[in-house]
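Participant: generate a structure from the sequence data that follows.
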Amino acid sequence: MKLLVVEDEDSLRDTIIRSLEKERYVVEYAADYHEALLKINDYDYDCVVLDIMLPGGSGLSLLEELKTLRKKESVIIISAKDSIEDKVTGLDLGADDYLTKPFHLAELHARIKSIIRRKQQEGEMNIALSNITVYPDRHVVYIDNKEITLNRKEFDLLYYFVTNPNRLISKSALAESIWGDYIDQADSYDFIYSQVKNLRKKIKTAGAMPEIKAVYGFGYKMIIDE
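Facilitator: Numbers count the residues shown, from 1 in each chain. Next up, the predicted model:
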């Protein structure tokens with residue numbers, strides 16, 4: 001799952017990012033209004049952690065932009081402002097939750113998991129596709145009710161495929177979704193090819209009914225039914 005942290009205070013932003021990466025999220029960040037605006041226009045996220053007071057503009061304006069764009073990102077506002085008026089305004093504009101600074105990182109983690117859980121299948125923190133069941137919060141995968149072992153990138157790739165069934169996905173879209181701001185570290189498309197190849201072999205061996213097929217010159221597609 002991919003998150004965007006919008007926070008101008010360097011030390012707090014870095015602390016939040018490190019803690020979320022330890023939870024195995026793909027995390028991107030923006031330090032001001034304009035950088036955040038570019039990212040929400042160009043990319044999709046599962047959740048946005050959003051400060052209100054930003055250089056160059058207000059986080060509330062970003063909320064309005066998300067609504068205008070009809071984006072589906074969940075949003076948690078983090079703010080030093082603790083007035084009822086600010087909370088009501090943020091929630092009315094579409095935020096899912098409001099967390100007042102200072103806060104414990106464990107509480108932020110719990111709230112992120114909670115809103116993603118609510119967003120997914122009737123509150124159940126799992127995604128099922130045919131005989132594959134993925135638990136994003138625990139990074140666990142079952143095929144025919146038997147757990148299989150995947151490394152982090154294999155899991156992230158499978159999660160992306162399962163949430164985009166029967167969709168033709170370009171290599172660049174896969175790389176951006178899985179590696180985020182660190183896309184250059186993915187060692188070009190050779191690394192993607194290697195990871196997808198290993199993933200395909202593992203799920204096929206485990207008896208997965210959906211199949212990841214390569215589309216020459218473009219990318220991949222998870223097929224449920226021919």
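
Participant: for the rest of this, base every contact and every neighbour count on C-alpha atoms.
Facilitator: Noted.

Participant: any idea how the protein splits into domains?
Facilitator: 2-119, 127-223 (automatic domain parsing).

Participant: quick one: average pLDDT of the first one?
Facilitator: Predicted confidence along domain 2-119 averages 89 (mean pLDDT).

Participant: and it, how far apart are its ends?
Facilitator: Distance across domain 2-119, first residue to last, is 14 Å (Cα to Cα, to the nearest Å).

Participant: how far does the helix or strand containing Lys153 sit from its chain's centre?
Facilitator: For Lys153, the host element (DSSP states H and E) is helix 152-162. Put simply, helix 152-162 sits 11 Å off its chain's centre (Cα atoms, centre = their mean, to the nearest Å).

Participant: could you point out which element follows that helix?
Facilitator: Criterion used, DSSP H and E; the element after helix 152-162 is strand 169-170.

Participant: helix, strand, or coil at Leu38?
Facilitator: Following DSSP: H, G, I helix; E, B strand; the rest coil, the label given to Leu38 is helix.

Participant: so what's the residue count around it?
Facilitator: Leu38 has 11 neighbours, counted by other Cα atoms under 10 Å.

Participant: that older thread, pull out the buried positions in the helix holding Lys153.
Facilitator: Using 16 or more other Cα atoms under 10 Å as the test for burial, helix 152-162 gives Lys153, Glu154, Phe155, Asp156, Leu157, Leu158, Tyr159, Tyr160, Phe161, Val162.

Participant: and the pLDDT at the fifth one?
Facilitator: When you say that, I think you mean Leu157. Taking Leu157 on its own, its pLDDT is 91.

Participant: measure it to Gly59 for me?
Facilitator: 31 Å.

Participant: now the angle from the lengthiest helix in the chain to helix 152-162?
Facilitator: Ranked by residue count, the top helix of the chain under DSSP state H comes out as helix 188-205. Angle between the axes of helix 188-205 and helix 152-162 is 80 degrees (criterion: axes from the mean of the first three to the mean of the last three Cα atoms, to 10 degrees).
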